[in-house]
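# sequence and predicted structure are below.
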Amino acid sequence: MQIIIVGGGASGFMAAITAAETFPDSHIHILEKNKTVLNKVRISGGGRCNVTHQPSDLRFFIKNYPRGEKLLRKLLLRFGPKDTIEWFEKRGVSLKVEVDGRMFPVTDSSHTIIECLLRTAKNLGIKISTSTGVKSFKYASDSKIGFSLHLDDGQELFADRLVIATGGYPKETGFDWIKEHNHQIVPPNPSLFTFNTPGNYLLPLAGVSVQDVLVKISGTKHEWRGPVLITHWGFSGPAVLKLSAWGARDLAENNYNFSCRINWVPDLNEQQLRDFFVGEKTKTPKQQISSHAKFGIPSRLWKAFAEQAEIPDGLIWSEAPHKLLNRLADLLNNSQFDVKGKTTFKEEFVTCGGVTLSDINPENLESKKVPGLYFAGEVMDVDGITGGFNFQNAWTTGYIVGQSVGK
């Protein structure tokens with residue numbers, strides 16, 4: 001059996017390796033349009049490769065997928081994060097857990113993962129062709145060989161089974177070669193991006209981070225609590241990136257012009273903050289407000305809040321008017337920033353959108369439109385938040401396809 005896999009990324013390699021192990025008599029060929037394979041693996045996690053996320057109760061794990069939760073709920077029972085850890089360990093790669101739950105190879109190098117996948121593929125006799133783009137394909141149900149693929153260089157290849165594991169496309173036109181076969185495409189939008197806030201008074205504090213912040217998108221239900229990083233252009237960090245994933249479609253509809261609210265002290269409401277400040281008048285009456293940060297807020301950031309609240313340098317707690325303290329409480333509890341555009345998070349381009357899941361068999365990820373055609377990874381309308389969840393989607397769906405494609 002001839003099996004062609006279009007896409008030499010994480011899901012493509014997992015599908016190829018699993019198919020080769022499950023159907024050892026098949027001939028498997030990976031086609032990659034770029035000069036090198038596994039490019040996203042190489043750059044993920046700053047070159048360390050965030051392989052997956054620490055296993056947890058599926059009820060909680062699955063909540064990290066803004067799109068595709070229903071599909072993955074069953075598939076993760078068949079190949080979840082524990083299986084991923086065991087899969088790599090059996091092939092000589094040990095993973096470690098970081099404080100936030102992200103999992104990396106103990107070597108802290110993505111090359112460890114790449115070498116493992118390449119070595120395994122080579123040992124199984126999987127053929128890999130780079131700089132090989134697919135322009136279109138045809139399916140003939142009455143032919144002995146079901147698929148004919150037309151490559152960018154004019155060549156033609158034939159296959160009994162076809163797996164599309166190309167990842168997402170930034171524009172809907174990238175899916176045209178799949179659309180030709182009556183598949184519906186959910187228009188792609190960027191996911192996992194940072195917020196641009198031009199004119200933000202905190203921009204000079206680029207590099208300052210706060211570990212526990214609540215970020216909300218005004219006028220929506222979208223919010224996320226976690227670390228925030230101030231950047232030269234606005235805000236980044238896990239809370240912003242995860243929020244961008246959940247709000248991806250709403251924010252795209254608004255052309256990335258919206259308002260976000262940040263609560264820098266989410267454990268206290270505004271009244272509790274005011275009461276705290278009143279208490280400081282008697283507890284530390286001589287202490288200068290702007291030079292003694294509270295609530296674990298970095299001193300530079302605290303000073304910026306004090307300046308924004310028009311609290312003069314040198315003003316002590318006992319002499320502070322309630323008006324200024326109320327203003328400071330409001331800034332800490334309900335800072336508002338106008339977002340004008342987005343910036344892609346590093347080079348980790350992730351999209352929501354893709355082949356609609358209603359066109360895909362949820363048991364084996366075979367197309368309902370074209371027999372023998374399978375999908376794996378981000379080419380489907382499935383995406384996760386940052387933290388290893390997108391790679392887990394790739395490993396899971398690749399494995400499911402690999403187990404099924406040769407039947």
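Good, I have the coordinates. Numbering: from 1, shown residues only.
# which parts of the stretch 51-200 of the chain are strands?
52-53, 95-97, 102-105, 127-129, 134-139, 147-151, 156-159, 161-164, 185-191, 193-196 (DSSP state E, counting those that start in this stretch).
# can you list the ones you listed in JSON lines and add mean neighbour count and distance to P170?
For every residue, glycine as well, the C-beta is placed using N, CA and C. What follows is those, written out as JSON lines (neighbours: other C-beta atoms under 10 Å; distance: least, C-beta to C-beta, whole Å):
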{"stretch": "strand 52-53", "mean neighbour count": "26", "distance to P170": "25"}
{"stretch": "strand 95-97", "mean neighbour count": "16", "distance to P170": "30"}
{"stretch": "strand 102-105", "mean neighbour count": "22", "distance to P170": "25"}
{"stretch": "strand 127-129", "mean neighbour count": "16", "distance to P170": "24"}
{"stretch": "strand 134-139", "mean neighbour count": "16", "distance to P170": "18"}
{"stretch": "strand 147-151", "mean neighbour count": "18", "distance to P170": "22"}
{"stretch": "strand 156-159", "mean neighbour count": "16", "distance to P170": "26"}
{"stretch": "strand 161-164", "mean neighbour count": "28", "distance to P170": "17"}
{"stretch": "strand 185-191", "mean neighbour count": "21", "distance to P170": "6"}
{"stretch": "strand 193-196", "mean neighbour count": "22", "distance to P170": "12"}
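# next, format those strands as TSV and append mean pLDDT and distance to A20.
Formatted as TSV, the strands of the stretch 51-200 of the chain follow (pLDDT from 0 to 100; distance: least, C-beta to C-beta, whole Å):
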stretch	mean pLDDT	distance to A20
strand 52-53	98	22
strand 95-97	98	23
strand 102-105	98	23
strand 127-129	98	11
strand 134-139	97	21
strand 147-151	97	19
strand 156-159	96	15
strand 161-164	98	12
strand 185-191	93	30
strand 193-196	95	36
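# just so I know, which of the ones you listed lies nearest I62?
I62 lies closest, by C-beta to C-beta, to one member of the strands of the stretch 51-200 of the chain: strand 52-53, at 11.3 Å.
# roughly how far out does stretch 28-41 sit from the chain middle?
Relative to the chain's own centre, stretch 28-41 is displaced by 20 Å; criterion: C-alpha atoms, centre = their mean, to the nearest Å.
# that older thread, dump the strands of the stretch 51-200 of the chain to a markdown table, plus distance to K82.
Shown next, in a markdown table, are the strands of the stretch 51-200 of the chain (distance: least, C-beta to C-beta, whole Å):
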| stretch | distance to K82 |
| --- | --- |
| strand 52-53 | 9 |
| strand 95-97 | 11 |
| strand 102-105 | 11 |
| strand 127-129 | 29 |
| strand 134-139 | 34 |
| strand 147-151 | 35 |
| strand 156-159 | 33 |
| strand 161-164 | 25 |
| strand 185-191 | 26 |
| strand 193-196 | 30 |
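# next, the buried residues of stretch 292-304.
Neighbour-count burial for stretch 292-304, counted by 16 or more other C-beta atoms under 10 Å, picks out A293, I297, L301, W302, K303, A304.
# out of those, who's nearest L77?
Closest approach between the buried residues of stretch 292-304 and L77, by C-beta to C-beta: I297, at 42.6 Å.
# and of the strands of the stretch 51-200 of the chain, who's closest to M14?
Judged by C-beta to C-beta, the one of the strands of the stretch 51-200 of the chain that comes nearest to M14 is strand 161-164, at 10.5 Å.
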